[in-house]
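Participant: Pasting a predicted model and its sequence here:
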Amino acid sequence: MITIKGLKKVYPAKHQDVLAVDNLNLEVSKGEIFGVIGYSGAGKSTFIRLLNRLEDPTEGQIYIDGKEISAMGKQQLRKSRQEIGMIFQHFNLLWSRTVRDNIAFPLEIAGISKGKRRARVDELIELVGLKGREDAYPSQLSGGQKQRVGIARALANNPKVLLCDEATSALDPDTTDAILRLLVDINEKLGLTIILITHEMHVIRKICHRVAVMESGRVAEQGDVLDVFLHPQQQVTKRFVEQVMGDKDQEESLHLLENYQNGKVARLHFVGETTNQALISQVSKQFDVAVNILQGKITQTQKGAYGTLFVHMEGSDEEIARAIAFIKTTSVEVEVDADAE
Ligand SMILES: Nc1ncnc2c1ncn2[C@@H]1O[C@H](COP(=O)(O)OP(=O)(O)OP(=O)(O)O)[C@@H](O)[C@H]1O
């Protein structure tokens with residue numbers, strides 16, 4: 001659906017040019033929610049603005065649905081932009097227009113007749129949950145409602161791709177969750193491809209299928225969200241995963257080991273469906289081993305739940321070894337961290 005090859009953006013500057021995006025290569029499939037995460041200055045905004053040519057690339061190609069966006073002239077671009085919706089952190093609504101007229105705006109530009117506009121706006125208002133607020137002005141809306149208007153406006157011309165630029169960063173946690181649920185709903189209902197940029201890992205965790213981590217204009221790491229959460233390779237990715245999983249706390253739980261005279265501490269990684277297995281009670285029943293949960297966290301992603309539990313296992317060395325061998329036959333990954341002796 002989206003192919004990006006060798007994308008580069010240099011902002012010329014008096015003293016030293018800024019290399020904002022550097023040799024970026026990405027593939028995004030149709031219907032995917034693809035997240036791009038990075039710290040401030042990583043190049044995320046530049047990247048997303050290159051996708052709809054709000055910025056022109058210095059080098060490289062961008063293909064959306066088979067068409068090379070990066071090579072288009074103005075007129076062609078105007079048409080293609082109707083297939084790319086965008087929502088913004090600060091909503092970018094027209095303050096003198098009502099909800100209805102904000103949503104109708106892109107339809108007016110596309111030359112849709114008044115009657116058709118009305119019907120389409122009604123549909124969109126229903127889709128984003130704004131019924132009853134049609135005649136309100138943006139200043140009379142909450143942040144979440146404003147973003148719903150932004151989403152409806154972005155979807156007005158039936159785009160194939162929705163670009164989200166820090167779309168929930170100005171919202172409180174509950175409103176963020178509601179907007180993220182709406183994005184998932186739209187993705188599922190309309191099969192819309194969504195690219196979102198964020199600096200918040202919980203946004204990636206909650207709704208993205210795949211993620212790219214950007215650092216200094218480059219993709220430091222990319223993959224399925226579950227894989228990246230489970231096996232972050234780069235330092236920058238590890239820091240983002242810690243935002244959600246609090247790995248430091250978990251490392252500390254290893255020191256709990258000192259409280260035990262014997263036994264072993266094991267780290268169990270649960271992925272996807274195995275998360276709900278009653279593994280702990282099964283091990284306790286099947287082997288002469290007492291299993292105590294020291295610490296852990298299971299969390300949900302779009303691709304299923306995953307998490308890590310630290311457990312202390314008490315029993316004879318032989319029996320613990322048998323229990324661990326058994327756990328290894330399930331799809332739960334197990335690491336034994338240390339002996340308690
Ligand atoms: N119009 C511009 N002119 C010159 N330099 C720019 C321009 N826009 C961005 N930059 C620079 O390009 C680099 C990447 O910025 P960009 O805004 O893309 O990063 P970001 O990851 O989106 O960060 P933030 O979330 O803070 O916006 C930064 O060094 C920034 O200062």
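Facilitator: Nice, I can see it. Residues are numbered from 1 along each chain as shown.
Participant: what does the protein put close to the ligand?
Facilitator: Residues of the chain lying close to the ligand (CB under 6 Å from any ligand atom) are 11, 18, 20, 38, 40, 41, 42, 43, 44, 45, 46. Placement of C-beta: from N, CA and C, glycine included.
Participant: Redo those residues as JSON lines? Include pLDDT.
Facilitator: Converted to JSON lines, the residues of the chain next to the ligand look like this (pLDDT from 0 to 100):
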{"residue": "11", "pLDDT": "95"}
{"residue": "18", "pLDDT": "93"}
{"residue": "20", "pLDDT": "95"}
{"residue": "38", "pLDDT": "94"}
{"residue": "40", "pLDDT": "92"}
{"residue": "41", "pLDDT": "92"}
{"residue": "42", "pLDDT": "95"}
{"residue": "43", "pLDDT": "95"}
{"residue": "44", "pLDDT": "95"}
{"residue": "45", "pLDDT": "94"}
{"residue": "46", "pLDDT": "95"}
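Participant: Quick one: buried ones out of these?
Facilitator: 20, 38, 42, 43, 44, 45, 46 (16 or more other CB atoms under 10 Å).
Participant: could you dump those residues to CSV with secondary structure?
Facilitator: Formatted as CSV, these follow (DSSP: H, G, I helix; E, B strand; the rest coil):
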residue, secondary structure
20, strand
38, strand
42, coil
43, coil
44, helix
45, helix
46, helix
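Participant: Pipe these into a markdown table and attach distance to residue 95 per row.
Facilitator: Formatted as a markdown table, these follow (distance: CB to CB, whole Å):
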| residue | distance to residue 95 |
| --- | --- |
| 20 | 30 |
| 38 | 31 |
| 42 | 31 |
| 43 | 31 |
| 44 | 27 |
| 45 | 23 |
| 46 | 27 |
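Participant: give the contact list for the closest residue to the ligand within the stretch 151-300 of the chain.
Facilitator: Nearest residue of the stretch 151-300 of the chain to the ligand: residue 199, at 6.1 Å (CB to the nearest ligand atom). Residue 199 makes contact with 37, 38, 39, 40, 44, 166, 169, according to CB atoms under 8 Å, 6 or more residues apart in numbering.
Participant: Roughly how far does residue 284 sit from residue 316?
Facilitator: Distance, residue 284 to residue 316, using CB to CB, to the nearest Å: 15 Å.
Participant: Tell me which of the two has more neighbours.
Facilitator: Using other CB atoms under 10 Å, the more surrounded residue of residue 284 and residue 316 is residue 284, with 17 against 13.
Participant: What's the separation between that one and residue 278?
Facilitator: 10 Å.
Participant: wait, doesn't residue 138 sit right on residue 93?
Facilitator: Yes - with contact defined as CB atoms under 8 Å, residue 138 counts as touching residue 93 (4.4 Å).
Participant: phi, psi of residue 42?
Facilitator: Phi and psi for residue 42, reported as degrees, to the nearest 10, are phi -70, psi -20.
Participant: dump the residue contacts of it.
Facilitator: Counting by CB under 8 Å, 6+ apart, residue 42 touches 214, 215, 216, 217.
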